[in-house]
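[1] kindly return the folded structure for what I paste below:
(4 chains)
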There are 4 protein chains.
Amino acid sequence: MREDLRHLYQHLHRAPELSMREYRTAALITERMTALGFSTFACGGTGVVAVLRNGDGPVVAFRADTDALPVAEETGLPYASTARGTLRDGTEVPVMHACGHDMHVTAAIGAATLLADTRHTWAGTVVFLFQPGEETSEGARAMVDDGLWEKAPRPEVVYGQHVWPGLAGTAEINIGTTMAMADSWKVTVRGRGGHGSRPENTIDPVVLAAHMVVRIQSVVSREVPSSQAAVVTVGSFHAGLKENVIPGSAAFTLNVRHIDPETRERTLAALHRVITAEAQASGAPEPELEELYTFPLLVNDTEEAAAARSALEGALGADSVTEPPVHMGSEDFGHLPDAAGVPGVYWFFGGLPDEVLHGEDPAPSNHSPHFSPVIEPTLTTGVTAAYTVLVSRLGNGSRAGGTGR
Amino acid sequence: MREDLRHLYQHLHRAPELSMREYRTAALITERMTALGFSTFACGGTGVVAVLRNGDGPVVAFRADTDALPVAEETGLPYASTARGTLRDGTEVPVMHACGHDMHVTAAIGAATLLADTRHTWAGTVVFLFQPGEETSEGARAMVDDGLWEKAPRPEVVYGQHVWPGLAGTAEINIGTTMAMADSWKVTVRGRGGHGSRPENTIDPVVLAAHMVVRIQSVVSREVPSSQAAVVTVGSFHAGLKENVIPGSAAFTLNVRHIDPETRERTLAALHRVITAEAQASGAPEPELEELYTFPLLVNDTEEAAAARSALEGALGADSVTEPPVHMGSEDFGHLPDAAGVPGVYWFFGGLPDEVLHGEDPAPSNHSPHFSPVIEPTLTTGVTAAYTVLVSRLGNGSRAGGTGR
Amino acid sequence: MREDLRHLYQHLHRAPELSMREYRTAALITERMTALGFSTFACGGTGVVAVLRNGDGPVVAFRADTDALPVAEETGLPYASTARGTLRDGTEVPVMHACGHDMHVTAAIGAATLLADTRHTWAGTVVFLFQPGEETSEGARAMVDDGLWEKAPRPEVVYGQHVWPGLAGTAEINIGTTMAMADSWKVTVRGRGGHGSRPENTIDPVVLAAHMVVRIQSVVSREVPSSQAAVVTVGSFHAGLKENVIPGSAAFTLNVRHIDPETRERTLAALHRVITAEAQASGAPEPELEELYTFPLLVNDTEEAAAARSALEGALGADSVTEPPVHMGSEDFGHLPDAAGVPGVYWFFGGLPDEVLHGEDPAPSNHSPHFSPVIEPTLTTGVTAAYTVLVSRLGNGSRAGGTGR
Amino acid sequence: MREDLRHLYQHLHRAPELSMREYRTAALITERMTALGFSTFACGGTGVVAVLRNGDGPVVAFRADTDALPVAEETGLPYASTARGTLRDGTEVPVMHACGHDMHVTAAIGAATLLADTRHTWAGTVVFLFQPGEETSEGARAMVDDGLWEKAPRPEVVYGQHVWPGLAGTAEINIGTTMAMADSWKVTVRGRGGHGSRPENTIDPVVLAAHMVVRIQSVVSREVPSSQAAVVTVGSFHAGLKENVIPGSAAFTLNVRHIDPETRERTLAALHRVITAEAQASGAPEPELEELYTFPLLVNDTEEAAAARSALEGALGADSVTEPPVHMGSEDFGHLPDAAGVPGVYWFFGGLPDEVLHGEDPAPSNHSPHFSPVIEPTLTTGVTAAYTVLVSRLGNGSRAGGTGR
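    You can find the predicted model right below:
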């Protein structure tokens, strides 16, 4: 199976698709899960739900996200992506599985294979949720809005996992708060365009937007208490088409992360204040702020997380499972258990060998064009973690109809 | 004729083409000039040369540039452009005659029409140079490199004109220095990409490039003597594709203008110094500076310019012709007379009605998405100016074989 | 006694003295402590040690810091300071007890009074350390270097306390890490001076230093992991004497705080990098970085801190004693127990009434010109806290010669 | 006489006094002028008027300014200043004749000596105006307000001269506009002070004012037409007294220079806009803008200036007198002729040897701590220029009662 999964992973890595457009990925998942004996149905556009009923017992769900990112891969791997996709504004861009969702899909299919193979040892129902559009905070909501929990068996708990730049072979799980809130804005700065030789007849939106980006840094450095975490990233900045034309506008995107809701209120207000005032400093019109999406705080159920941690320790060794600080990344995973009114549990598994993790150069993080989890033991760890936690929560197959915990 | 030219102008305005890709424009020009009795040939790719030999007499040349700009028209005119084109890096962009080259082509064809109609009144040879790629400083050189002055009769003088935001019906001409030098650079800033939630693992190229744009302002404000003119414009800035991904690089273009060569040396050195040091401030690699093109200083021949000024005063009225300050715009026009070793003369004609020029809002300048010369009296002024200056320099048709000045 | 202490506090508040120049304060302390029956000696310049031997039993020490700050008081209190002092560079400045050390001295004298009054109830020796120069991280070291622990009885533990903007009547104590490390630098930026009308002949150090201050913000916002605390404050900035003269240099001070030593290494290196590179961006000489002082991390001994917490809970009520997050302020208190090789314990007591703490305006923090602890119940809390913890650690006076814990 | 003047110059250089406090300088001038036979009176505080009546003939006036600057001399000259003075806010500062007014006073006394010695060769009245407080734009107005032209004979013309970094032995004079307008503001930025470890409880005025200084650079670089001169200098910046205290406010001074009144209106409005908006970006109160003083444009009378130029050419050689670009420095000289309703003429004389002027390092300009005119031939040139122009405008002494021009 390991060789088969390695091929599957490399295939997915080569063929990444942008959020909510995971057509070929969904087709492949449906094919594989059907072949394993799962009943499948599409949900939320390119989402796929796969269900295996195996006698009386708890219903448990496991979610794997499927989308990739507009990043130009620079790993130099033999199976590196050269794929391209189209953003909603029509721009054609390179696409890469720079966040490891290909590993998530492969590990889920691996765990599903083991569950199918060992169905005499457990009882209950497993529901695999292959979720599209995680990177845009759309997919979980799309599945829920498409009637996920009317169509699929309602579980007692929903699990999920993420590969990240930790030591391959290890896992990390929080008992409680797990991942940050995120807000994303698009800021469109209006100036007045004109000839590059006569700035005095224009309101230069490039210089204005650059001042905004610089001024925003003081929000984190001066207004956020040092005891609180806040990250404000300008992920994109676009203005102008020709060096000798001052454009009429500039646009940039903001990605803002917090753990504490009060700090979030304060930072967002400060960002709004800075953006408005900087436009005034240039004598420019009020900029347009468009909210792209928000991610809620991701909080593990403490009881279920503690049980999952025990299962992970059993499978990977007690020394290989730790509790990390709250991760500043974000997830829409929480919508899935929340919509069902049940607990959710989310953990991380490492993807880097020791020599990369502690090498001279900083290890590439998720979203880097150099992000490349080592396939093994990462893949086996992902399969084992998912399988073990699921089985630990399902009923005992030797008894007729397990009852769960 | 006026009605015909109006339609021609509106047609050209609707169908702008990017630099060195003026295919349909060149075809139209060739068709029109051939119909007038000129012999034509292509030169420098999409350039067109049109020659009318009319007995013995001086050879004089007149240049009109033909290319448009990657600007999204916002004039709201009934004949506004909706055309699109493709930049060399493959990006599809809107295209607009935002610099009035459509007016230049139309006026040249109008003047050619008058010259053809009045050929009994003058003697000699007129050479019309329809030049592509002025906005990228490529076209004049391309025509010269393609053997322009081997293929076309070598003139005694080369003329050119430009519509600009002056009063329609008037002209401006410098006796001596006319337009600024320009240097254009593309700056590629290298950082290290990563997840938007973990800037500490990256070198953020967006913040770095924004710091560069801001820091560059101090070069003009503190290092350029106030007695010298210098303009440093960042015409474009592009980085990143997704708000939650810190990109690996950012790119911006610089357009730098001077009249004094020593000030230019100083400013360019300061820009280089700032860009290098800012990268060091971020711990980033040395940025890449690519020189896109340069424009030389445009200097009118004083004797020929004085003669042209007299002719313009005769045609438009003495009060309607003035000498402006040196224009900070730039031109590759100078290559054409320089390559022939003959004097060049370049003037401006106004394109705006009084109520726009002195209205409450600043009048849109060339390269603005709102730039829109009023068709009349602008067009008639352009035709008259070109025709009058050319005829004044050609031989007298009543004598057998004029000798020029 | 309460009325006497109130007057003492108001007297001290009116007569603040700068670090290492606490002459009148030291004289007053010596007079008061001698009157209480303590034997006193000067130590470390303006430091005062006061010892009360009361039979066999543990030796315990309590430290109160005595210096004030160059801040112009704006509290409007009837006992507000109008004092002035002279900085080491000769500048005359206003002085204010803006950090509450007047409260520390008063509370210590209050606790000493109670100890003297109740000496039949306890046994052992108490050593009061009235330490000068806390704000400049000089005083603790000066006392140690002056032979503190050769001259004073070596204690089993050293205590200290600080008033801060918490609820008056309550206390906070950390079991473990208590206060941050701090580094302070003076940065002298060299430019080239000249006439304000000709910046092109100068290297403007004001604009350069302003760019440094702005650029430094990106270190905290982009290079410090959001899970780590870091504060970089530019507390002063001085350049130039006349608006039409560009000065030859500018100077500013940096105050940098961390909890994690690795983050500190990284931030300090980044600050150095930014300062050096910004000077290069201006073509200026390498700036001078002078280290003013450092504060170490302050860490409470866990066992002694737990015992002190119990004592505080007994005195103030269990609900009134909590464990705060690590305080980003800094202290040189730790030198005193460290030099004796014994544990240290440091706690905070609140100084603000509820309506100020949770009022519409943010409560003024220590070092603010508006910082003004409410005298009661703050003073009584400070006295009670110090007395209770000391007595709890001393021997039982009813037994002949307590042994301590 | 040359040796005497050298000693006088060195004496004055050693003993500079701040604006409107030129007590010892005024006493010395009075003593010297009285000794030469002039009748003197004090005017406008520390101003001195010295009059020599010598028969019928034109009345002409010559002004020399007398004040020095708060600059710490770094010339290393044997006669360098070590003087100190007190600013109006009480700050004690170093003082230096960094603008060469010591040379102006010495040259005026030298010219007065020659006039006294050669009184048989001319007829009329000379009025020397030793004006205080030029650097603060106070002195000329103070003399006028003190009844200058009621007390002194009303002249037909007022002359003045300034040493500057040109070639020693040469002079420069404008026929028309001579020196720029200047506006000086003090900007007080209000924040909210607090502890250096808790910026989140403060509004940091240091970071805010630094943002203002940086943002202001974009006004000159983007809003001033490149054909217009504008200089915006931040000559001083002061905030905070201690590195670990965030101060409650910061203050900086602006010195702004223009030739064109319309550009001035635009720049001043833009500066106001930027300062206001940056405060809003920090959530700070509106800053206070205090106008310190303004200097008007200095315009030479064209007829009188042409006559003075002829006289200078006669004395120094035609090659040694040129017309410079308009000087961006400013002068309150113009108040003196304006108040009398007569023409004014102002010129410059060089103070640097060729090897300094064209050496490897930039020549130190006025106001630099390194500004040091070479004594000869500078002093002789200043004396000769003043004497020659004055005599050329006075009556002919051989005739009984010259009539002037």
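[2] quick check: closest non-adjacent residue to the residue of the stretch 1-150 of chain A found nearest chain C.
    Among all residues of the stretch 1-150 of chain A, residue A:99 sits closest to chain C, at 18.7 Å; criterion: CB to the nearest CB. In this view, the C-beta of every residue, glycine as well, is placed from N, C-alpha and C. Excluding the flanking residues, the one nearest residue A:99 by CB to CB, 6 or more residues apart in numbering or on different chains is residue A:366, at 4.8 Å.
[3] three-state assignment of the one you found?
    coil (DSSP: H, G, I helix; E, B strand; the rest coil).
[4] spit out the contact partners of it.
    Counting by CB atoms under 8 Å, 6 or more residues apart in numbering or on different chains, residue A:366 makes contact with A:98, A:99, A:100, A:164, A:165, A:329, B:194, B:195.
[5] in strands, which of the residues you listed appear?
    Counting by DSSP state E, the part of those found in strands is A:164, A:165, B:194, B:195.
[6] any idea which of the residues you listed is closest to chain D?
    Checking these against chain D with CB to the nearest CB, the nearest one is residue B:195 at 25.5 Å.
[7] what is the burial count for the closest one?
    Counted with other CB atoms under 10 Å in any protein chain shown, residues neighbouring residue B:195 total 27.
[8] give me the beta-bridge partners of it?
    residue B:245 (DSSP bridges).
[9] before we move on, back to that, give me the buried subset of the ones in strands among the contacts of residue A:366.
    By neighbour count, with 16 or more other CB atoms under 10 Å in any protein chain shown, the ones in strands among the contacts of residue A:366 hold A:164, A:165, B:194, B:195 as buried.
[10] what's the spacing between residue A:5 and residue A:112?
    Residue A:5 sits 11 Å away from residue A:112, going by CB to CB, to the nearest Å.
[11] so which of these two has more stuff around it?
    residue A:112 (26 against 21).
[12] and the gap between that one and residue A:105?
    Residue A:112 is 10 Å from residue A:105, by CB to CB.
[13] shared neighbours, the two?
    Counting by CB under 8 Å, 6+ apart, residue A:112 and residue A:105 have no contacts in common.
[14] residue boundaries of the helices in the stretch 151-300 of chain A?
    All helices of the stretch 151-300 of chain A, identified by DSSP state H, counting those that start in this stretch, fall at A:205-218, A:261-281.
[15] same question for stretch A:85-99, mean pLDDT?
    For stretch A:85-99, mean pLDDT is 91.
[16] who touches that stretch?
    A:12-13, A:16-18, A:21, A:68-73, A:81-84, A:103, A:135, A:366-369, A:371, B:195, B:241, B:245.
[17] buried subset of the residues you listed, written for ChimeraX?
    Selection command for ChimeraX covering only the buried members of the contacts of stretch A:85-99, criterion 16+ other CB under 10 Å:
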select /A:12,13,16,17,18,21,68,69,70,71,72,73,81,83,103,135,366,367,368,369,371 /B:195,241,245
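[18] tell me which of the contacts of stretch A:85-99 fall in strands.
    Going by DSSP E, the strands hold A:84, B:195, B:245 from those.
[19] how near is the first one to residue A:355?
    Distance, residue A:84 to residue A:355, using CB to CB: 33 Å.
[20] could the buried ones among the ones in strands among the contacts of residue A:366 be laid out in CSV, adding pLDDT?
    Shown next, in CSV, are those (pLDDT from 0 to 100):
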residue, pLDDT
A:164, 93
A:165, 92
B:194, 92
B:195, 92
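[21] pick out the most distant pair among those residues.
    The span of these, defined through CB to CB, is set by A:164 and B:194 at 12.0 Å.
[22] mind listing the shared neighbours of the two?
    With contacts defined as CB under 8 Å, 6+ apart, the residues shared by residue A:164 and residue B:194 are A:365, A:366.
[23] quick one: which of the ones in strands among the contacts of residue A:366 is nearest to residue C:49?
    residue A:165 (53.8 Å).
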